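Asks: How does the following fold in three dimensions:
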Amino acid sequence: MKLITLLSLGLLAATASFSQKITPTQLKQLAQAEAEIKDTARVMIMANEAIDRYRADSFFTRGLIKALRVPNSFYYPFDSIVNVSKLYSPDSVFRIFTWELAKDFSSIRQKGAIQMRTVDGSLKLFPLFDNSDDTGNPVDSARSNKRWIGAIYYKIILKQFNNKNYYTLLGFDNNNEKSTKKWIEVLTFDEKGEPIFGGRYFQYANDDLKPPQPAFRFCLEYKRNAGAIMNYDTTSDAIIFAHLVSEEKDASRKYTLIPYGNYESFKWISGKWVHSNKYFDFVEEAATTVDPNLAKLPPVPTKKNDKKKDELVPSPYRIDDKNKKKEEPRKREEY
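Replies: You can find the predicted model right below:
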């Protein structure tokens, strides 16, 4: 009882501006549900054995959905769950959970869900099913939540064109033992309110480093642990990303690409992210990477100007069984 009381007091302070949305009974239920899945969230990322990670992921997924079914859970931050990215859209229309599940370095997938804000506080949830391993060309088409190209998201950028909202997601994928990917994904909602990932939102000339046009999402793939930057710079209102070069002068082998020390950019112009060949010597705000565990801002009812710089922190995604043999392709897990 003492633990529940302390948790309730802390959470009431953390959600002060939205506490009127959550009743004391609901807050107690959510605190209890969070306490039940906090440890499994850590185990599903940090456990040495794959079987332990998979088991913990199963418990976590079921526990999270149980928690989200509590009315008004949209306003609950789940702050103690630090191994899962939790991002609210800038207009507080939805939030998106994403995390990673790894069997070994050759078998890594992302999981997630979009929770919509509802008038009555009921749960409206779109589970995300990672289709990355089942496609030869992940940039070829717009996709539903059932054919999602997985990523752990660390930034949402809200743009508008012709009175429609476009949510640009920045994310990363610990792709395999050789390379890492960072993604720019544009999320919209159709007339039924269902999510659509991707579209013809990128304008750039084909070269050896970028996905061939037409590209429905943008991928920056580079040598694992090379630390290539991709972030949104509020000063220039642009997405800044590292210019890459191949260590072996062969750009077709993405795992040889490393940052050259300057930057390219995308700027939102008339409903598209338009590429600029102008290189930036250094952009301070864009040159900081964001671990998804830091991306857990509360919902905001009005526009917010937050220029706080993100901190560089070590990734919690550690895998110790990389020498295990690769198994058969995974079956899709249902929520």
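
Asks: show me where the stretch 51-200 of the chain has strands.
Replies: 85-88, 94-104, 107-116, 125-129, 152-161, 164-173, 179-189, 195-197 (DSSP state E, counting those that start in this stretch).

Asks: which other helices and strands contact the first one?
Replies: If contacts are counted by 3 or more C-beta pairs under 8 Å, 6 or more residues apart in numbering; DSSP states H and E, strand 85-88 sits against strand 94-104, strand 152-161. C-beta: built from backbone N, CA, C; applies to glycine.

Asks: Run through the chain and note the low-pLDDT ranges.
Replies: 1-20, 279-335 (pLDDT under 70).

Asks: Could you break it into its assigned domains?
Replies: 1-79, 84-294 (automatic domain parsing).

Asks: Would you reformat those as a markdown table and include mean neighbour count?
Replies: Shown next, in a markdown table, are the domains of the chain (neighbours: other C-beta atoms under 10 Å):
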| stretch | mean neighbour count |
| --- | --- |
| domain 1-79 | 17 |
| domain 84-294 | 18 |
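
Asks: still on that earlier bit, of the strands of the stretch 51-200 of the chain, which is nearest Val139?
Replies: strand 179-189 (9.4 Å; C-beta to C-beta).

Asks: The closest one versus strand 164-173: what angle between them?
Replies: 160 degrees (axes from the mean of the first three to the mean of the last three C-alpha atoms, to 10 degrees).

Asks: which stretch among the strands of the stretch 51-200 of the chain comes nearest Glu247?
Replies: Nearest of the strands of the stretch 51-200 of the chain (C-beta to C-beta): strand 179-189, 12.5 Å.

Asks: Direction included, what does that closest one pair up with?
Replies: Within its sheet, strand 179-189 is paired with strand 164-173 (antiparallel), strand 195-197 (antiparallel), strand 218-223 (antiparallel), according to DSSP bridges.

Asks: Put together TSV for those, with distance to Ser73 on each row.
Replies: Shown next, in TSV, are those (distance: least, C-beta to C-beta, whole Å):
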stretch	distance to Ser73
strand 164-173	21
strand 195-197	19
strand 218-223	33
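
Asks: quick one, which of these is nearest to Asn137?
Replies: Once the strands paired with strand 179-189 are compared by C-beta to C-beta, strand 218-223 is nearest, at 10.7 Å.

Asks: next structured bit after the closest one?
Replies: strand 230-233 (DSSP states H and E).

Asks: and whichever helix or strand comes after that next one with strand 152-161, angle?
Replies: Next helix or strand after strand 230-233 toward the C-terminus (DSSP H and E): strand 238-246. Strand 238-246 runs at 130 degrees relative to strand 152-161, counting by the same axes, to 10 degrees.
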